[in-house]
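Student: following is a predicted model, sequence given first.
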Amino acid sequence: MNEACEWTMIPYKRHRKGKHKNGKKPALPCYADCDSVKAYDCTYVYKLVTNLLATKFCQTVIEKMSEAIKFQRQTNQHFRFEEVICYGLGRPTTNTVSAVQLALLKILCSFILKFPKGSQADWTTIKDEIEKDIIASKDNSTSKTKCLLFDPAFSKVDKTLIEDLGFVVMETNELAKRPSQKSLFYMIHCDKWLYNNLLWKNWSSHGIKNCVIVGNSFQTMYEGVPTRIFKEQFKYLYLIVEHSCLREFTLPVWQENDAVFNDTAIIVFNPKSLAKLDFNGTWDSICPVYEDEFL
């Protein structure tokens, strides 16, 4: 048994094999293996942002995020994201999957800034506003949206790239045990125990309903592990799914590389279902402990 007190570094995004359009893997810029923090600029990521904004995929993601925001505002008309937290991105300077996910993160941060209530405007209008914000942040290397990232795999070059995009690199490994402050958690392809830790830390009706997650489908995780094991190892994930406390807005597959956003959803939590959960009776003050094979 092992309490999740360390987040192990991994050399790549695990478990995700996908096909690249035309069988070709997009080339990474020449700074990929360079230790110098001055050996590159953000051109590659901004090019990915531009390419994503031109796709139907991106339009659909923004539409799904609008739906998720409106769902949150049904019970709290003043809801708006206070921060964006990204865990487990991987190394965007050496991994194409991570770089594309970073580009979408940049787009989402601009969208929730420009449209905090969601939007029913046409895609051209929304895209123009996003582009304006991204151009502004590109010119001064800042982001008006509070966005913090952590991955133990980040190198010095990765950290500088992220900071040059206007984001903040967290120095502390939170193990996803962060109280939500009306937070958008960006956790694509993270391990189950990280999601379980996040739920444990926010285990109250108020705490859970203030979380919105872009990450692996909870339903798919639930169906992929025998129920007994899932309940024992990932208690809080189990309770949320078992009691139908969530709603998932499934994201489409990105046609250029189906490994980047496969099995990804925007996850929100249903206050009516949460009200039926016995939070006090099911919460354990001790941090969840996991078998080594699940870490």
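Tutor: Good, I have the coordinates.

Student: can you show me the helices along the stretch 1-150 of the chain?
Tutor: Secondary structure of the stretch 1-150 of the chain (DSSP state H, counting those that start in this stretch): helices at 43-53, 56-73, 96-114, 123-140.

Student: report the buried residues of the second one.
Tutor: Within helix 56-73, the residues that count as buried by 16 or more other CB atoms under 10 Å are 57-59, 61-66, 68-69, 71-72. Using the backbone N, CA and C atoms, a C-beta is placed for each residue, glycine as well.

Student: sorry, back to before: among the helices of the stretch 1-150 of the chain, which is nearest residue 155?
Tutor: Nearest of the helices of the stretch 1-150 of the chain to residue 155, taken as CB to CB: helix 96-114 at 11.8 Å.

Student: count of residues packed around the closest residue in space to residue 277 that isn't next to it in sequence?
Tutor: Leaving aside its chain neighbours, residue 277 sits nearest to residue 243 (5.8 Å; criterion: CB to CB, 6 or more residues apart in numbering). Neighbour count of residue 243, defined by other CB atoms under 10 Å: 14.

Student: surely residue 243 is in contact with residue 276?
Tutor: Yes. Using CB atoms under 8 Å, residue 243 is in contact with residue 276, at 6.6 Å.

Student: shaky segments in the stretch 1-150 of the chain?
Tutor: 1-41, 140-142 (pLDDT under 70).

Student: returning to what we had before: out of the helices of the stretch 1-150 of the chain, which is the most enclosed?
Tutor: helix 96-114 (a mean of 23; mean count of other CB atoms under 10 Å).

Student: what angle sits between it and helix 123-140?
Tutor: 100 degrees (axes from the mean of the first three to the mean of the last three CA atoms, to 10 degrees).

Student: tell me what angle helix 96-114 forms with helix 56-73.
Tutor: Using the same axes, to 10 degrees, helix 96-114 lies at 50 degrees relative to helix 56-73.

Student: tell me what helix 96-114 is packed against?
Tutor: helix 43-53, helix 56-73, strand 83-87, helix 123-140, strand 183-187 (3 or more CB pairs under 8 Å, 6 or more residues apart in numbering; DSSP states H and E).

Student: closest to residue 197 out of the ones you listed?
Tutor: strand 83-87 (9.8 Å).

Student: hang on, the earlier thing: how about the helices of the stretch 1-150 of the chain in JSON lines, adding distance to residue 209?
Tutor: JSON lines is the format used below for the helices of the stretch 1-150 of the chain (distance: least, CB to CB, whole Å):
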{"stretch": "helix 43-53", "distance to residue 209": "30"}
{"stretch": "helix 56-73", "distance to residue 209": "8"}
{"stretch": "helix 96-114", "distance to residue 209": "17"}
{"stretch": "helix 123-140", "distance to residue 209": "26"}
